[in-house]
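Engineer: only geometry, no sequence info:
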């Protein structure tokens, strides 16, 4: 996968699952933005996939330098 494909995949995941996520909206309302963001990063399966793609991008950028 090249960089553009990875970024497109991340955008697709966010558009499909994250923009209208009821859990994110609930946690943000009840506990605040930081808690909701932390949940998305650490516990949500989509967040895990996005984090995986981010690690892939960071690893490949390190090799290009």
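Structural biologist: Cool, the structure landed. Keep in mind the model is a prediction, meaning the values are calculated, not measured. Numbering: from 1, shown residues only.
Engineer: quick one: contacts for residue 27?
Structural biologist: 35-36, 39 (Cβ atoms under 8 Å, 6 or more residues apart in numbering). Backbone N, C-alpha and C define where each C-beta goes, glycine included.
Engineer: buried among these? Make that a PyMOL selection.
Structural biologist: Of the contacts of residue 27, the buried ones go into a single PyMOL selection, burial set by 16 or more other Cβ atoms under 10 Å:
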select buried, resi 36+39
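Engineer: just the ones in helices from the contacts of residue 27, please.
Structural biologist: 35-36, 39 (DSSP state H).
Engineer: which of those residues sits closest to residue 13?
Structural biologist: residue 39 (16.1 Å; Cβ to Cβ).
Engineer: what's near enough to touch that closest one?
Structural biologist: By Cβ under 8 Å, 6+ apart, the neighbours of residue 39 are 23-24, 27, 47.
Engineer: how close does residue 10 get to residue 35?
Structural biologist: Going from residue 10 to residue 35 by Cβ to Cβ, to the nearest Å gives 22 Å.
Engineer: got a list of what the residue nearest the centre of the chain touches?
Structural biologist: Closest to where the C-alpha atoms of the chain average out (Cα atoms, centre = their mean) is residue 50, at 3.7 Å. Counting by Cβ under 8 Å, 6+ apart, residue 50 makes contact with 10, 13-14.
Engineer: in CSV: the residues you listed, plus neighbour count, pLDDT and secondary structure.
Structural biologist: Listed next are these as CSV, based on neighbours: other Cβ atoms under 10 Å; pLDDT from 0 to 100; DSSP: H, G, I helix; E, B strand; the rest coil:
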residue, neighbour count, pLDDT, secondary structure
10, 18, 97, helix
13, 15, 97, helix
14, 13, 97, helix
